[in-house]
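Q: sequence first, then the predicted structure, then my questions.
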2 protein chains.
Amino acid sequence: MVMKLEEAIKSTTFKSPVQKAVLNVLYTAWWLRTLTNQTLKQYGLTHEQYNVLRILRGNAADAMCVKDIGIRVIEKSSNLPRIIDRLVIKKLVKRSQGFADKRETLVSLTQAGTKVLAEASAEMEKVMQPAIQLSDKDAVLLNNLLETLRGN
Amino acid sequence: MVMKLEEAIKSTTFKSPVQKAVLNVLYTAWWLRTLTNQTLKQYGLTHEQYNVLRILRGNAADAMCVKDIGIRVIEKSSNLPRIIDRLVIKKLVKRSQGFADKRETLVSLTQAGTKVLAEASAEMEKVMQPAIQLSDKDAVLLNNLLETLRGN
DNA sequence: TAACAATACATGTACATACATGCAATTTTA
DNA sequence: TAAAATTGCATGTATGTACATGTATTGTTA
């Protein structure tokens, strides 16, 4: 499944290198999401659910309100509540009402969630590491170019 | 809405430059999709519908089977039929059965579709050009790094 | 302090995506 | 050439995404 963009979307001519770069970023993101979803499937997780679990783990406190989770997810979405719904149904996280601000819903990992996340992230590392062929030096360069693209 | 990844996902530490690059690609793709969808909204199009219309325009022949469209879309999807459904409802494309191979469904732009696509792509160019801050030289570099990431 | 505005989250709708399955047409092969 | 496998597309279900709207709580201000 390794292929150049030209093969991937059967296009040999692009209006400009910039136009090609835009398509290349979109295609690479799709490639990464697909690889991630395939890896997480055995744990019953999607890449967005995994993202939320990781954010909860990364947080020092044991609970986090929905808004703060939303700030940290990669793909901003207005319906975090529904992603959280599915994690609650699977008993990987639990919800409670905020005490200081009753509008807030606090979300925290359950023991089961912590366990599944540990297993899933170990597997993710094992799969992604060999799949992603990038030296640290190139990664730094890539990060800079992406920031440039977005206007930084 | 221009911001570095650290601000965008409120993360200051990453496990490695490669880990950061992965998140950066995903975030940049989300940024591009959002910008595209907002621009296309006034034409009643989503970025996937727009992608299909452009593929049809790019094709020399006046009709294309679903499989060949599928090969060319950026985000591979098993339900191209439903994206085409919505374009048919809006009368931007029309369907017909393949003559050589009756399993094939041929899709072609209508006059209305050609017109909407012309307007939408002009607007897209006007919006994307100033939004994307990348020199041709950097774009070439970015393309190479993305190919490297995917293992080419 | 009562009225108004803002905030945090939930929910509804339309569309997109991932994956499995089904069906008809075509190709392969025994 | 009949049976089996493959191909091309459609469809069903669960999930995710974008956007608008609703509701309860909190903050602001006249």
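A: Perfect, I can see it now. Numbers count the residues shown, from 1 in each chain, chains lettered A, B, ... in the order given.
Q: does the residue nearest the centre of chain A count as helix, strand or coil?
A: The geometric centre of chain A, computed from its C-alpha atoms, lies nearest to residue A:51 (C-alpha atoms, centre = their mean), at 4.6 Å. Following DSSP: H, G, I helix; E, B strand; the rest coil, the label given to residue A:51 is helix.
Q: and it, how close does it get to residue A:90?
A: Residue A:51 sits 15 Å away from residue A:90 when distances are taken as C-beta to C-beta, to the nearest Å. For every residue, glycine as well, the C-beta is placed using N, CA and C.
Q: can you check residue A:100 too?
A: 28 Å.
Q: who's more crowded, these two?
A: residue A:90 (16 against 7; other C-beta atoms under 10 Å in any protein chain shown).
Q: list phi and psi for the more buried one.
A: Torsion angles at residue A:90 (phi, psi; degrees, to the nearest 10) stand at phi -80, psi 0.
Q: skip the chain neighbours and tell me the closest residue to it.
A: In space, and not counting its chain neighbours, residue A:90 is closest to residue A:44: 6.6 Å by C-beta to C-beta, 6 or more residues apart in numbering or on different chains.
Q: got it, and residue A:141?
A: residue B:145 (6.2 Å).
Q: give the contact list for that neighbour.
A: With contact set as C-beta atoms under 8 Å, 6 or more residues apart in numbering or on different chains, residue B:145 has these partners: A:134, A:138, A:141, A:142, A:145.
Q: what number of residues lie near residue A:101?
A: The number of residues near residue A:101, taken as other C-beta under 10 Å, comes to 9.
Q: which strand or helix spans residue A:21?
A: Per DSSP states H and E, residue A:21 falls inside helix A:17-40.
Q: okay, angle between that helix and helix B:17-40 too, please.
A: 120 degrees (axes from the mean of the first three to the mean of the last three C-alpha atoms, to 10 degrees).
Q: next, see if helix A:17-40 gets close to DNA strand C.
A: Yes - interface with DNA strand C: helix A:17-40 contributes A:30, A:33, A:34, A:37, A:38 (C-beta under 7 Å from any atom of the strand).
Q: can you tell me which residues contact the third one?
A: Residue A:34 makes contact with residue B:76 under the criterion C-beta under 8 Å, 6+ apart.
Q: repeat that for the fourth one.
A: Taking C-beta under 8 Å, 6+ apart as the criterion, residue A:37 is in contact with A:46, A:47.
Q: could you check the pLDDT of it?
A: Per-residue pLDDT puts residue A:37 at 93.
Q: ok, it to residue A:30 distance?
A: 11 Å.
Q: is the closest residue to residue A:42 other than its chain neighbours part of a helix or strand, or is it coil?
A: Spatial nearest neighbour of residue A:42, chain neighbours left out: residue A:123 (7.6 Å); criterion: C-beta to C-beta, 6+ apart. Put simply, residue A:123 is helix when judged by three-state DSSP.
Q: got the contact list for residue A:123?
A: Contacts of residue A:123 by C-beta under 8 Å, 6+ apart are A:39, A:42, A:43.
Q: which strands and helices sit next to the one helix or strand in chain A whose mean pLDDT sits lowest?
A: Of all helical and strand segments in chain A, the minimum by mean pLDDT, DSSP states H and E falls on helix A:5-8, at a mean of 89. Counting by 3 or more C-beta pairs under 8 Å, 6 or more residues apart in numbering or on different chains; DSSP states H and E, the packing neighbours recorded for helix A:5-8 are helix A:17-40, helix B:136-149.
Q: what residues does chain A put near DNA strand D?
A: A:46, A:48-49, A:75-79, A:82-83, A:86, A:101-103.
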